[in-house]
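Undergrad: Predicted model and sequence below, questions to follow.
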Amino acid sequence: MNHKVPVLGVCVGMQILAKNSDEGRRQGLGWVSGSVRAFKMEKMSAHLPLPHMGWNDVTPLAGSGLFNGLEGDARFYFLHSYYFECEQQESVAARCSYGIDFSCAVRSGNVYGVQFHPEKSHHYGALLLKNFADL
């Protein structure tokens, strides 16, 4: 029997789910089609400090059970200088804005990834982790 156990990558754990990264030459797992990109100051609409550190609003997209109960109110804690660029829009589970709009949560089948830290995100993170456990 083929069991598809849900997997959740957090922060760098999400980034390793990609095929590759601007940070190095080694391949990622490729479990979610996409690449990890570095924030580039010249591409950002505002000169914001890097790394992106602190609380930010997250906009969940339809279809991801991770964000049940958080559709209108999702704030999470971030600490990163890279973001996940999905090859397929259906893999984007949530978006965020920090100088540019970027994917902050991804999904492919039973594989999920979040760029933020749910364990540091108070009741928002607790609910997201509960939703993941319920999957």
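TA: It's in. Residues are numbered from 1 along each chain as shown.
Undergrad: counting contacts, what elements does whichever helix or strand residue 125 is part of pack onto?
TA: Using DSSP states H and E, residue 125 sits within helix 122-134. Using 3 or more CB pairs under 8 Å, 6 or more residues apart in numbering; DSSP states H and E, the elements in contact with helix 122-134 are strand 75-80. Glycine gets a C-beta too; all of them are placed from N, C-alpha and C.
Undergrad: quick one: residue 24 is in a strand?
TA: No - per DSSP: H, G, I helix; E, B strand; the rest coil, residue 24 lies outside any strand segment and is coil.
Undergrad: While we're on residue 68, how confident is the model there?
TA: pLDDT for residue 68: 92.
Undergrad: residues touching it, list them.
TA: Residues counted as contacts of residue 68 (CB atoms under 8 Å, 6 or more residues apart in numbering) are 127, 131.
Undergrad: got it, and residue 34?
TA: Residue 34 neighbours (CB under 8 Å, 6+ apart): 18-19, 84-88, 91, 103, 106.
Undergrad: Next, count neighbours for the nearest residue to it once chain neighbours are set aside.
TA: With CB to CB, 6 or more residues apart in numbering as the criterion, residue 34 has its nearest non-adjacent residue at 4.2 Å, and that residue is residue 86. For residue 86, the count of nearby residues is 19 (other CB atoms under 10 Å).
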